Each structure stands twice: as C-alpha cells, then as structure tokens.
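Peer 1: Okay, sequence plus prediction incoming.
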Amino acid sequence: MAIFEGMFKNGVESKNSVESKKEITKDDANLSLRKEELDIAKSKIQKGDVEIGKEIIEEHKQVDVPVKREEVVIERRSLHNEASDSPITDEATIKIPLSEEKVNVGKHTVITGEISAHKREIENTEHIDETLKHEEAHITKTGDANIIDNKGDH
C-alpha cells in the first residue's frame, strides 16, 4: 500500500506524493489493473518436399513367333519305261526359289499412364493451453475506515 502513503495526509507531502501530483489530486488516487491476453499469430514454415521422378525398370520378355518357310518336296514316280521323243541332254534343269519368314524385332515407346500432382490445404485445429495472469485490487483496511466499493464489470 506504499503507493497511497502520504497522499491522504493533511498538509504533509512526501517525496512520492510530490512526484505524483501531476496525475492525481490530494484526495484521489488511481491504481491501474492489468491482465495478460493471448497474442496468437501463425507463420508458414517449410515442412518438407515431395519429389516425383521416374525409374527405369527392365523386364525380360520372351515371345514365341510362328514363322513360315518353304521347302521343296520331291516326288518320284515310275512311268514304266514309256517312250520319249526328246534326246538326253544337260540343258534341262528346273529352278524353284524358296523363301522363309524372318523375324525382325524392333521397339517403340507407348504411354502407359500419367501422374499428376498438386497441393491442397487442409485445415486442422490446434489446442493452445496457456496460463494468463491478471491483477486484482487488494484493499486493506486499517482502523475504522469507511469504504464504499463500486465494483464495475472491468
């Protein structure tokens, strides 16, 4: 209660009361009551990254491909010694071309899928638990002092 000392004494001024005269009169005094309030602010910080890349995976593939080829089939038959009008010569030959299918392997690229990525914001609620202080007036009465306390909603 030192703040009120010397303020209410008739005609006697202490050092503190002289300095306080600027704000209060001889018969009045004010005491500010304060309280703490939460200051809540948010800031954005980098939480991490996501990197999307590709990896080449090799796969061994075996495929059976049917192929065709030609062959000559020689058939002999006996004609039972029939008579012929042509003489025997070296010039009579038959040429038959043969072919076969050859497998040619090539590769080409096709698109098998696509990946897209985007960010989205998700809102959660964080519980804040904090202890706040406030000041209340404490009135001490000495002797037979009369006090009228007008409590307001402050």
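Peer 2: Thanks, I have it. Residues are numbered from 1 along each chain as shown.

Peer 1: any idea how far Glu59 lies from Ala92?
Peer 2: Going from Glu59 to Ala92 by Cβ to Cβ, to the nearest Å gives 57 Å. In this view, the C-beta of every residue, glycine as well, is placed from N, C-alpha and C.

Peer 1: out of those two, which sits in the busier spot?
Peer 2: Higher neighbour count among Glu59 and Ala92: Ala92, with 7 against 4, using other Cβ atoms under 10 Å.

Peer 1: Return the distance of the more buried one relative to Ser84.
Peer 2: For Ala92, the distance to Ser84 (Cβ to Cβ) stands at 12 Å.

Peer 1: Could you measure from Ile74 over to Ile96?
Peer 2: 10 Å.

Peer 1: Quick check: which element contains the residue located most distally from the centre of the chain?
Peer 2: Distance from the centre of the chain peaks at Ala83, with 98.6 Å (Cα atoms, centre = their mean). Using DSSP states H and E, Ala83 sits in no helix or strand.

Peer 1: Start and end of stretch 92-109, how far apart?
Peer 2: When the termini of stretch 92-109 are compared using Cα to Cα, to the nearest Å, they are 54 Å apart.

Peer 1: do stretch 41-55 as well
Peer 2: Terminal residues of stretch 41-55 are spaced 43 Å apart (Cα to Cα).

Peer 1: How about stretch 39-54?
Peer 2: 46 Å.

Peer 1: measure the residue farthest from the centre of the chain to Thr89 for me?
Peer 2: Separation of Ala83 from Thr89 (Cβ to Cβ) stands at 17 Å.

Peer 1: now Ala137
Peer 2: Applying Cβ to Cβ to Ala137 and Thr89 gives a distance of 144 Å.

Peer 1: more neighbours, the two?
Peer 2: Counted by other Cβ under 10 Å, Ala137 and Thr89 do not tie: Ala137 has more neighbours, with 9 against 6.

Peer 1: Fine by me, we can end here.
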